[in-house]
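K.L.:
Just to be clear, the model below is a prediction. Sequence and coordinates:
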Amino acid sequence: MTTATGDVEAILRHTVTCHTRDDLVAKLKRGAPLRVKLGVDPSSPDLHLGHAVQLRYLRRLQRMGHRPVLIIGEATAMVGDPTGKNTTRPVLSREQVEQNAATYLAQAGLILDLDEVEIVRNSAWFDRMTFMDAIRMGTSTTVARMLERDTFDERYKAGTPIGIHEFFYPLMQGHDSVEVRADVEIGGTDQTFNLLVGRDLMRAAGQDPQVCITLPIIVGLDGVQKMSKSLGNSIGLTDPPRDVFGKTMSLPDAAMGDYFRLLTDLADAEIEALLAGSPRDAKATLAERITAWLHGEAAGREAAAEFDRIFRDKGLPDEIPESELPADLVEPDGAWIVRVMQHLGLASSGGEARRLLKGGGVRVDDRKVDDENHRLPRGSTTLLQVGRRRFHRIRVP
RNA sequence: GGGGGAAUGCCCGAGUGGUUAAAGGGGACGGGCUGUAAACCCGUUGGCUUUGCCUACAGAGGUUCGAAUCCUCUUUCCCCCA
């Protein structure tokens, strides 16, 4: 390791806050690798770029010689993190959580080298805890302190319910830190409160309190709300290359900076140069970088080339899904386009298919069709396009 | 435990007996412009065998020619008092 202060700068690059810097310096001075805790919440299975920000950060510290400790929050997931929620979340079943945890780890492995990561399930200690232990945990904070948090404060004022169990979430998360003797805990800026509770609990347990480092939260495709699968604005780690590229291209310009800094390995100067140039080109570079990272260099290049072909040159994608219409959808005068679209999932209902047709969003063999009674002739093969990006080639028997 | 209030479409929210599949806004989707950006403009936004039919205003019953609108019970939530 280099000098302690040098490490501090490297550790805090692209982070938001650090409680406290002095503690971090002191811990580094001891020379031992830091135990860096990240609590993951297996309440939903699929990881997206928002999770990747934290996992990449963890990997960075890992490469600096520190030790990531991944807490699989099985017990906490059953409570549900109240952060940022305006309603009480349903309590998940144990089976559901187990299943999500498995998927989570598999996907986290795409970013982190899991062999070098300490993985702990917090059910290990929470299952053993007695009711009285939990009560004791509750003595370490106050209702007033909980209500200071924006999420609770807003809900309280708005008159929406707050479950008692939700107050335990931060305590549980903090207790995890005690159990694993974390030196540092990382999380998004929205986790500040939860992270700081860990310091209190560790101090109460006679331990050296952890350093809390927060990372930026990236916005989703809408450019406003945080990336979240349930909001439908996320780019999934396992999304196909074309989607990763396309979704990235649809990001608002303002989001590019964070994405570059947090999700690519480009140097700061290089990023500044890109952002100063054509936004369109910068975004294409960003999209290709991210696609290449998740799917390999070749996939990144292909996705970029294909994107240009479809959207800039208005051409067709490399691979167009193709299928044959089941015979029972074919009538004597051909196949009704509304049925076909519904069958192919290009519209979720007949009504939606009609709407798309009327709205001019449907092309048949590259010609706009707005007649909702349009039939595809028997024995034909037709290229169907809905909107700008959904294609399907359908054979009518 | 007592009293009061509320529950409307993806979300917020109007509507208190009849042209209400339900104003308005947001979101979403489609179109135009473009860089699958932003801004802006237009259209659509319960389902279906679509000039019509069916389902829908927390749930179940009831009053009425007719109910999201009135009554009863149930459920859930909020507020005040204890």
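P.N.:
Received, thanks. Numbering: from 1, shown residues only, chains lettered A, B, ... in the order given.
K.L.:
what residues are up against A:Glu179?
P.N.:
A:Val120, A:Asn122, A:Ala124, A:Trp125 (CB atoms under 8 Å, 6 or more residues apart in numbering). In short, each C-beta sits where N, CA and C put it, glycine included.
K.L.:
right, and A:Val25 touches A:Val8 too?
P.N.:
Yes. With contact defined as CB atoms under 8 Å, A:Val25 and A:Val8 form a contacting pair (5.9 Å).
K.L.:
got the residues of the stretch 151-300 of chain A near RNA strand B?
P.N.:
Within the stretch 151-300 of chain A, the positions near RNA strand B by CB under 7 Å from any atom of the strand are A:159-161, A:222-223, A:242, A:245-247, A:249-253, A:279-280, A:283.
K.L.:
Can you say which of the residues you listed are buried?
P.N.:
Among these, those buried by neighbour count (16 or more other CB atoms under 10 Å) are A:Arg242, A:Phe245, A:Gly246, A:Lys247, A:Met249, A:Leu251, A:Lys283.
K.L.:
For the fifth one, give me the backbone phi and psi.
P.N.:
When you say that, I think you mean A:Met249. phi -60, psi -20 (degrees, to the nearest 10).
K.L.:
Next: the last one.
P.N.:
In terms of degrees, to the nearest 10, the main-chain angles of A:Lys283 are phi -70, psi -40.
K.L.:
helices and strands of chain A: which one bottoms out on pLDDT?
P.N.:
helix A:150-158 (a mean of 66; mean pLDDT, DSSP states H and E).
K.L.:
looking only at pLDDT, what's the mean for stretch A:219-232?
P.N.:
Averaged over stretch A:219-232, pLDDT sits at 84.
K.L.:
Identify each buried residue in it, please.
P.N.:
Result for stretch A:219-232 [16+ other CB under 10 Å]: buried residues A:Val219, A:Gly220, A:Leu221, A:Lys226, A:Met227, A:Lys229.
K.L.:
and of those residues, the nearest to RNA strand B?
P.N.:
Minimum distance to RNA strand B across the buried residues of stretch A:219-232 is 7.6 Å, recorded for A:Leu221 (CB to the nearest atom of the strand).
K.L.:
Where does pLDDT dip in the stretch 51-200 of chain A?
P.N.:
A:78-93, A:150-151, A:153-163 (pLDDT under 70).
K.L.:
Where do the strands of it begin and end?
P.N.:
A:67-72, A:118-121, A:184-188 (DSSP state E, counting those that start in this stretch).
K.L.:
Next, the buried residues of the second one.
P.N.:
Within strand A:118-121, the residues that count as buried by 16+ other CB under 10 Å are A:Val120, A:Arg121.
K.L.:
partner strands of that strand, parallel or antiparallel?
P.N.:
Note on strand A:118-121: by DSSP bridges, its sheet partners are strand A:67-72 (parallel).
K.L.:
now the angle from the strand it pairs with to strand A:184-188?
P.N.:
60 degrees (axes from the mean of the first three to the mean of the last three CA atoms, to 10 degrees).
K.L.:
Can I get strand A:67-72 in PDB, CA atoms only?
P.N.:
The C-alpha trace of strand A:67-72 is given here as PDB (Å, rounded to 0.1, in the frame of the first residue of the first chain):
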ATOM      1  CA  ARG A  67     -11.700  -7.100   1.600                       C
ATOM      2  CA  PRO A  68     -15.300  -6.900   0.400                       C
ATOM      3  CA  VAL A  69     -17.800  -8.400   2.800                       C
ATOM      4  CA  LEU A  70     -21.100  -9.000   1.100                       C
ATOM      5  CA  ILE A  71     -24.100  -9.400   3.400                       C
ATOM      6  CA  ILE A  72     -27.000 -11.200   1.900                       C
END
